[in-house]
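A.B. asks: sequence-free structure coming up:
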């Protein structure tokens, strides 16, 4: 039986329509502020992954699906983008630590500072990686070392009062503050990679070492090994 040419033609048209690919959804246009935030977020991730030197504006633009001039328009170049990222992370970390220091007892303050730093590492891993990587670019608010110095100055005031009440030399509070904060910061960099044990356990052991050491300080410590 011969097929009706009109039916065959209609079937072909229906198959052609069904096989046609769907139109891609139209791209939502971002405001300047939204685009800036997107570029900062992407830059933060790439700087965390590769460091400053290995990061390129080309890759930032590619991930954001924009042209390179768009990135230059917002930040002036890689250095400008990096400075913004670091400034934000410095403020975030310092705010987190200073806000956490609310206790009245020195041991609790040590616990709060350790937990605040470890919490930042856990929740803002990319930001912490950006801060601890070395870079030739200086930001307005500094870098990880400057944050730790700020925290050490706060700890110094706490230790100074403790030293005075216990008959130790208050001028040495700065030295001990740097040692304590450095211990927590270095342990935090190690914990960034291993993530074991959980942060509460790490903080407890840090404070155990720091506090039990502080509570049995010698007024005038000396070295057992004689100098030659």
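C.D. replies: Arrived safely. Quantities reported herein were computed from a predicted structural model and do not represent experimental measurements. Numbering: from 1, shown residues only.

A.B. asks: Show me the shaky parts of this protein.
C.D. replies: Counting by pLDDT under 70, the ranges of the chain that qualify are 1-28, 134-142, 226-228.

A.B. asks: Which residues are in contact with the residue nearest to residue 144 when sequence neighbours are not counted?
C.D. replies: Leaving out its chain neighbours, the residue that sits closest to residue 144 by CB to CB, 6 or more residues apart in numbering is residue 131, at 3.8 Å. C-beta coordinates here come from the backbone N, C-alpha and C atoms, glycine included. Residues in contact with residue 131 (CB atoms under 8 Å, 6 or more residues apart in numbering) are 86, 89-90, 93, 143-144, 147.

A.B. asks: Quickly find the element holding residue 131.
C.D. replies: Taking DSSP states H and E as the criterion, residue 131 maps to helix 125-132.

A.B. asks: for residue 79, same thing?
C.D. replies: For residue 79, the element it lies in under DSSP H and E is helix 78-100.

A.B. asks: That helix vs helix 125-132, what angle?
C.D. replies: Angle of helix 78-100 versus helix 125-132, following axes from the mean of the first three to the mean of the last three CA atoms, to 10 degrees, is 110 degrees.

A.B. asks: For residue 38, list the residues it contacts.
C.D. replies: Contacts were defined as CB under 8 Å, 6+ apart; by that measure residue 38 touches 30, 64.

A.B. asks: can you do 6 Å?
C.D. replies: For residue 38, the contact set (CB atoms under 6 Å, 6 or more residues apart in numbering) comprises residue 64.

A.B. asks: With residue 84 instead?
C.D. replies: So residue 84 contacts residue 40 (CB under 6 Å, 6+ apart).

A.B. asks: Next, the buried residues of the helix holding residue 131.
C.D. replies: 126-132 (16 or more other CB atoms under 10 Å).

A.B. asks: Same check on stretch 185-199?
C.D. replies: 185, 187-188, 191, 199.

A.B. asks: okay, those in JSON lines with distance to residue 157 next?
C.D. replies: JSON lines is the format used below for these (distance: CB to CB, whole Å):
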{"residue": "185", "distance to residue 157": "19"}
{"residue": "187", "distance to residue 157": "23"}
{"residue": "188", "distance to residue 157": "22"}
{"residue": "191", "distance to residue 157": "27"}
{"residue": "199", "distance to residue 157": "26"}
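
A.B. asks: Secondary structure and distance to residue 29 added to the residues you listed, as JSON lines?
C.D. replies: Output for the buried residues of stretch 185-199, formatted as JSON lines (DSSP: H, G, I helix; E, B strand; the rest coil; distance: CB to CB, whole Å):
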{"residue": "185", "secondary structure": "helix", "distance to residue 29": "43"}
{"residue": "187", "secondary structure": "helix", "distance to residue 29": "46"}
{"residue": "188", "secondary structure": "helix", "distance to residue 29": "41"}
{"residue": "191", "secondary structure": "helix", "distance to residue 29": "42"}
{"residue": "199", "secondary structure": "helix", "distance to residue 29": "41"}
